[in-house]
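Colleague: I'd like to go over a predicted model; first the sequence, then the structure.
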Amino acid sequence: MIVMKFGGTSVESAAAIERVAGIVKAREERRPVVVVSAMGKTTNRLLAIAAAAIEGRREDYIRQIHDLRDYHSREARQVVPLAERAGLDRFLDEQFQELTELVKGLAVLGELTPRSVDAISSYGERLSSYIVTLAFRHFGMAATHLDSREVVITDRRHTQATPDFPETYRRLAHAIPPMAEKSVVVMGGFIAATLEGVTTTLGRGGSDFTASIVGAGIGAEEIQIWTDVDGMLTADPTILPGGHRVKSISFAEAAELAYFGAKVLHPATVVPAMEKNIPVLILNSRRPDVAGTRITAEPVPCANVVKSIACKRKITLVNIQSTRMLMAHGFLRRIFDVFDRFETSVDMVATSEVSVSLTIDNAASIDAILAELRQFAEPAVEHDNVIVCLVGENIRYTPGVARRVFMALDGINIRMISQGASLLNISFVVAEADLRPTVEALHREFFSTLDPGVFERNEATRGGAIHGGAVHA
Ligand code: ADP
Ligand code: ASP
Ligand code: MG
């Protein structure tokens, strides 16, 4: 068995779903279990509907629900067999009626709890998984729909739920193999349920995580993440287009990149796969012949120090000065205690004799945190920062990487730097305004020459076209 996960853009339209059907069909003998995201931007649209409801914008949310139904109906009708059209319409009626009632309830309450956020956002994957199942039948495959909420069981931390792995694995191993004998199993990603059957979700981008959980639960031979890029690239293409494809990378490197902002993988994705030692592939559903990125326990030896550059935006930097001349012992503990109490996780830390700098990506409780810190220190805050993170297993064996970073970034103000305890990353903080020049300079420094065993050069950018026209070896 293999798990094949298709993201939002890979199922955004009838044409995209048809492409997916072709890709799955070509691998039918490997007994695929397919995990799909919501179609296109459906999750965002559902959240916008919820926001309109609690703000009492009735016409707005009614219209948006209509539009969302039209969109699903229009695309689905083109890929659903004639004989199943009536069933499709019934299904859409039922789902959208339920959704409308839920949204009206929210409008009355005027309040959005994490539990209702999950209830609403679950409709995206509930719709897409059902539609894709019908589409697979239309394109000549035997396909069975499995409601992920029956098999992926989590705690009650709505919008960010954590799987109960033993229970989930037990259910997956029981339900899926017999179904996959006879047909392609199709499930929604992202959605799950508590033991009591209340709908939860695994956090934004969580369909990747579902795929990995399912893969681990059924002992799949491979977990394939099909998306809209050729694989893990040497830089985030939304910041620096034209990066090169990384052909092979380790679980540890991929996890680090995902954690530090490479949206192509949900940060928790590699954990279940790594535990069961199942390779994860990142592949492009628009260019299925490209070999993508292979993530495994043992990376291929690599002559480059760095594998990729990740960026985590909208970071808040907190600088904390001790009010005494020297830090009293227990100072750090008191600081972390405060962040802990407000459930705010700290990403990076740097300390000196009299001060501590740290970064957080969730600034929701920052005012309360500052108030507490002021009782024993002098905190100052800077918003609009970015963590830039270089990742590569070789960083730990190569002296002088930090020096190369500083030389390359001559003229850019580095506000904080840390080499992670994992030893496979160097990360630092720059202002949002410096992001593009920073990534450009680092990309030029670390990827002008490429180990052909590990990277596939992006031919469109040969000669350094992405580096502002400068020519590099
Ligand atoms: P999906 O809907 O298939 O899950 P996502 O939008 O979640 O797709 O993830 C794919 C996107 O991740 C790409 O379109 C790209 O913009 C972004 N991305 C960020 N960093 C990287 C990187 N290093 N390599 C490839 N893609 C990246
Ligand atoms: N549909 C969900 C989201 O947009 C999950 C996913 O796509 O992975 O976050
Ligand atoms: Mg994603």
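Modeller: Right, received. Where do you want to start? Numbering: from 1, shown residues only. Ligands and ions are numbered 1, 2, ... in the order given.
Colleague: when you work out contacts or count neighbours from here on, use the C-alpha atoms and nothing else.
Modeller: Fine.
Colleague: who's in contact with D451?
Modeller: The contact partners of D451, taken as C-alpha atoms under 8 Å, 6 or more residues apart in numbering, are C302, A303, N304.
Colleague: A helix includes it, no?
Modeller: No - judged by DSSP: H, G, I helix; E, B strand; the rest coil, D451 forms no part of a helix; its state is coil.
Colleague: hang on, the earlier thing: now tabulate the contacts of D451 in TSV and tack on neighbour count, pLDDT and secondary structure.
Modeller: TSV is the format used below for the contacts of D451 (neighbours: other C-alpha atoms under 10 Å; pLDDT from 0 to 100; DSSP: H, G, I helix; E, B strand; the rest coil):
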residue	neighbour count	pLDDT	secondary structure
C302	19	95	coil
A303	14	96	coil
N304	19	97	coil
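Colleague: now those residues as CSV including distance to L233?
Modeller: Formatted as CSV, the contacts of D451 follow (distance: C-alpha to C-alpha, whole Å):
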residue, distance to L233
C302, 15
A303, 17
N304, 14
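Colleague: now render the residues you listed as a markdown table, adding distance to ligand 2.
Modeller: Output for the contacts of D451, formatted as a markdown table (distance: C-alpha to the nearest ligand atom, whole Å):
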| residue | distance to ligand 2 |
| --- | --- |
| C302 | 31 |
| A303 | 33 |
| N304 | 31 |
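Colleague: for the protein, which residues are neighbours of ligand 1?
Modeller: Residues of the chain lying near ligand 1 by C-alpha under 6 Å from any ligand atom: 7-9, 205, 227-229, 231-238, 262-264.
Colleague: select only the buried ones of these in PyMOL?
Modeller: Restricted to buried positions by 16 or more other C-alpha atoms under 10 Å, the PyMOL selection for these reads:
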select buried, resi 7+8+9+205+227+228+229+231+232+233+234+235+236+262+263+264
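Colleague: may I have the residues that are in contact with G231?
Modeller: R245, V246, K247, I282, L283, N284, G292, T293.
Colleague: which of the helices and strands in the chain ranks last by mean pLDDT?
Modeller: Least confident element among the helices and strands of the chain, by mean pLDDT, DSSP states H and E: strand 416-419 (a mean of 83).
Colleague: how far away is G453 from ligand 2?
Modeller: From G453 across to ligand 2, the span is 30 Å (C-alpha to the nearest ligand atom, to the nearest Å).
Colleague: contact partners for the closest residue to that residue other than its chain neighbours?
Modeller: Nearest-residue entry for G453: C302, 7.3 Å, with adjacent residues in sequence omitted and distances by C-alpha to C-alpha, 6 or more residues apart in numbering. Counting by C-alpha under 8 Å, 6+ apart, C302 makes contact with N394, D451, G453, V454.
Colleague: hmm, the helix or strand where I213 lies in reach of ligand 2?
Modeller: Per DSSP states H and E: I213 is located in helix 207-218. Yes - contact between helix 207-218 and ligand 2, assessed by C-alpha under 6 Å from any ligand atom, occurs at S207, D208.
Colleague: give me the distance from that helix to the chain's centre.
Modeller: Centre-to-centre, helix 207-218 and its host chain are 14 Å apart (C-alpha atoms, centre = their mean, to the nearest Å).
Colleague: touching it from outside, list them.
Modeller: Contacts of helix 207-218 (C-alpha under 8 Å, 6+ apart): 1-5, 7, 35-37, 168-170, 172-173, 176-177, 188-191, 202, 221-223, 225, 265-266, 268-273, 275-276, 278.
Colleague: so what's the residue count around V185?
Modeller: Neighbouring residues of V185 were enumerated by other C-alpha atoms under 10 Å; the total is 23.
Colleague: ok, it to ligand 2 distance?
Modeller: 18 Å.
Colleague: hang on, that residue packs against M141?
Modeller: No - applying C-alpha atoms under 8 Å as the test, V185 and M141 come out as separate, 10.5 Å apart.
Colleague: next step: the contacts of helix 207-218 restricted to helices.
Modeller: Residues of the contacts of helix 207-218 located in helices (DSSP state H): T168, Y169, R170, L172, A173, I176, P177, V270, V271, P272, A273, E275.
Colleague: flag every buried residue along the least confident helix or strand of the chain.
Modeller: For strand 416-419, by 16+ other C-alpha under 10 Å, it's M416, I417, S418, Q419.
Colleague: what packs against the helix or strand following it?
Modeller: Downstream of strand 416-419, the first helix or strand assigned by DSSP H and E is strand 425-431. If contacts are counted by 3 or more C-alpha pairs under 8 Å, 6 or more residues apart in numbering; DSSP states H and E, strand 425-431 sits against strand 377-391, strand 416-419.
Colleague: turn the ones you listed into TSV, including distance to I65.
Modeller: TSV is the format used below for the helices and strands packed on strand 425-431 (distance: least, C-alpha to C-alpha, whole Å):
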stretch	distance to I65
strand 377-391	34
strand 416-419	46
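Colleague: between the ones you listed, which gets the lowest average pLDDT?
Modeller: Confidence, taken as mean pLDDT, is least for strand 416-419 of these (a mean of 83).
Colleague: contacts for that one next, please.
Modeller: M348, V349, A350, S357, N425, I426, S427, F428, V429, V430.
Colleague: buried among those residues? Make that a PyMOL selection.
Modeller: The following PyMOL line selects those of the contacts of strand 416-419 that are buried, judged by 16+ other C-alpha under 10 Å:
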select buried, resi 348+349+357+425+426+427+428+429+430
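Colleague: what's the most distant pair in the contacts of strand 416-419?
Modeller: Greatest spatial distance in the contacts of strand 416-419: S357 and N425, 18.3 Å, computed using C-alpha to C-alpha.
Colleague: tell me the secondary structure of L281, please.
Modeller: strand.
Colleague: for R334, see how far away it is.
Modeller: 43 Å (C-alpha to C-alpha, to the nearest Å).
Colleague: what residue is smack in the middle of the protein?
Modeller: Nearest to the geometric centre of the chain sits H266, at 2.8 Å (C-alpha atoms, centre = their mean).
Colleague: so what's that residue up against?
Modeller: So H266 contacts G205, G206, S207, D208, F209, A258, Y259 (C-alpha under 8 Å, 6+ apart).
Colleague: skipping adjacent residues, who's closest to L195 in space?
Modeller: Closest residue to L195 apart from its sequence neighbours, by C-alpha to C-alpha, 6+ apart: I153 at 6.2 Å.
Colleague: can you pull out the low-pLDDT segments for the stretch 101-250 of the chain?
Modeller: For the stretch 101-250 of the chain, no stretch is flagged by pLDDT under 70.
Colleague: what residues does it have near ligand 2?
Modeller: Checking the stretch 101-250 of the chain against ligand 2 by C-alpha under 6 Å from any ligand atom, the hits are F190, R204, G205, G206, S207, D208.
Colleague: go again with 8 Å.
Modeller: S121, G124, E125, G189, F190, G203, R204, G205, G206, S207, D208, F209 (C-alpha under 8 Å from any ligand atom).
Colleague: selecting buried members of these in ChimeraX, what would you type?
Modeller: The buried subset of those, as determined by 16+ other C-alpha under 10 Å, is captured in ChimeraX by this line:
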select :121,124,125,189,190,203,205,206,207,208,209
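Colleague: which one of the residues of the stretch 101-250 of the chain next to ligand 2 is nearest to H66?
Modeller: Once C-alpha to C-alpha is applied, the member of those that ends up nearest H66 is G124, at 14.2 Å.
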